[in-house]
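J.: fold the following, please.
(one chain, ligands or ions: 2)
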Amino acid sequence: MSAYREIVIPEDLIQKCVKCGICKSVCPSYHGEEGSFARGRLALAEMVVRGDLPLTEEIARQWDECAMCRRCEWICPNDVRYKEILVAARALQSRKVGKDLLSRMGLRSLEFMQSGVGRKVVRLTGLLTAPLPSELKIPLPTGGVKFFPKPHRRSFTLRGKTFPAREEKGKLLFFTGCMIDIFHGETGESVVKLMNRLGYTVVVPRDIRCCGAPHLYHGNLDAFEKLKEHNLRELENYEFDALVVACPTCGGALLEDYDRGWEVYDFAQLIAREGSKLKFRAKEEESITFHVPCHSYTAMRVNPETFYGVMERVEKVRVVRAELAQSCCGFAGLWSIQHPKLSERVQMEKMEDFGRTGADRILTACPGCALQIKDGVRKFGSNQRVTHLADYLAERLEDD
Ligand code: SF4
Ligand code: SF4
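T.: Ligands and ions are numbered 1, 2, ... in the order given. Next up, the predicted model:
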């Protein structure tokens, strides 16, 4: 039985917190209140577990404001397993206080869009919106606007296909994930191209659904378990040596929460480890900077230097490191819609920091972060281009 079946806030894990407050310095949701960063949220959980406080809407708000970036967990000197505690706290919250309509609808729509009917609806929407600009300005129900990409004209086209390597050294199962499946078909194609050139045959399962990480992080345990069970059943139909992802949130869920002991790699890890013969060359000189997605190092435990090492191999390109490269971009999935003011504050700091680098282009290794940074470019008037690292590398990959 999965660790997430039972809703028990693990008190022994909370007690590992020594209240040092180091996590405050890295928390994107901190806005002055003790309950707006990990230490305070954990203290509230402890009081609820002990029955010292009732689980009120105010406590639920403080837990809800967490972006689940897990930077607190990453920096914590005492190995407090924050995700486990907050997932349980939020699960209890959804049972006792209920979840807001927006997050319920957002999570349901992720489930729907990957279903058979949902995929047809996504494709039709892609066709109907084809003449419109690539990003649409959508008013948010919580106030403000956000620029969202349209469904990609090649959404879901990789599904159910095998892409053989010329001289196969192994087989990778590519877990594409919702963002790539729906909005960024080109990034999926880039990953296939890069992995093929490394010598891997790439298999894309026909009927995978959302990895369930958004549901888990919101404390919707039943939905997470259903998605996981569906995906496990589907993945049983394929033979593979390891999984590859280009979205670290999916990668983190597959590594940590699918209980299969799989090897799961970010595509950049494989290029760093095995791609010394690949040559990348830009057509013209340019400077690039990088946003390190939180879940790449907090959930997947990828060393950020892995990405820089890969980028530094592109000829004619200068890599400029942003001071806040590793701080949260403010996306965090539905969080940016539920808490637009918190999200925009974080986003603005990031955009100012990217501006200071003077780089022509901002790269990242997560389709969600790319969406958020593109939105930031539009909102804060930068002229920097934004590209997923897989697309950047695939375009600059030289022939054998
Ligand atoms: S860094 Fe860790 S131990 Fe320190 S307050 Fe935060 S969660 Fe607690
Ligand atoms: S997960 Fe992120 S937003 Fe939530 S408390 Fe930790 S650092 Fe702050």
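
J.: residue 377 - that's part of a strand, no?
T.: No: counting by DSSP: H, G, I helix; E, B strand; the rest coil, residue 377 falls outside a strand, being helix.

J.: pLDDT wise, what is it at?
T.: At residue 377, the model reports a pLDDT of 95.

J.: so it sits against residue 387, correct?
T.: No: Residue 377 is beyond contact range of residue 387, at 11.4 Å (criterion: Cβ atoms under 8 Å). (Each C-beta comes from the backbone N, C-alpha and C, glycine too.)

J.: OK, contacts around residue 206?
T.: By Cβ atoms under 8 Å, 6 or more residues apart in numbering, residue 206 lies in contact with 159-160, 234.

J.: in helices, which of those fall?
T.: Among the contacts of residue 206, DSSP state H puts residue 234 in helices.

J.: and which of the contacts of residue 206 is nearest ligand 2?
T.: Checking these against ligand 2 with Cβ to the nearest ligand atom, the nearest one is residue 234 at 29.8 Å.

J.: what sits against the closest one?
T.: With Cβ under 8 Å, 6+ apart, residue 234 has these contacts: 205-208.

J.: hmm, try it at 6 Å
T.: Counting by Cβ atoms under 6 Å, 6 or more residues apart in numbering, residue 234 makes contact with 205, 207-208.

J.: and which of these is nearest to residue 93?
T.: residue 208 (28.8 Å; Cβ to Cβ).

J.: give me every residue that touches the closest one.
T.: By Cβ under 6 Å, 6+ apart, the residues touching residue 208 are 231, 234.

J.: helix, strand, or coil at it?
T.: Per three-state DSSP, residue 208 ends up coil.

J.: and it, how close does it get to residue 88?
T.: Using Cβ to Cβ, to the nearest Å, we find residue 208 at a distance of 26 Å from residue 88.

J.: from the stretch 251-400 of the chain, which residue is nearest to ligand 2?
T.: residue 328 (6.7 Å).

J.: that residue should be in a helix, yeah?
T.: No: counting by three-state DSSP, residue 328 falls outside a helix, being coil.

J.: for this protein, what's the longest strand?
T.: strand 280-291 (DSSP state E).

J.: list the helices and strands the helix or strand that it is followed by packs on?
T.: As assigned by DSSP states H and E, the chain's next helix or strand after strand 280-291 is helix 294-298. Here helix 294-298 touches helix 248-256, going by 3 or more Cβ pairs under 6 Å, 6 or more residues apart in numbering; DSSP states H and E.

J.: stretch 335-346 spans what distance, first to last residue?
T.: In terms of Cα to Cα, to the nearest Å, the two terminal residues of stretch 335-346 are separated by 12 Å.

J.: give me the mean pLDDT for that stretch.
T.: Per-residue scores along stretch 335-346 average to 94.

J.: before we move on, what about stretch 291-306?
T.: Rounded mean pLDDT across stretch 291-306 is 98.

J.: repeat that for stretch 38-45.
T.: Stretch 38-45 comes out at a mean pLDDT of 96.

J.: cool, thanks, signing off.
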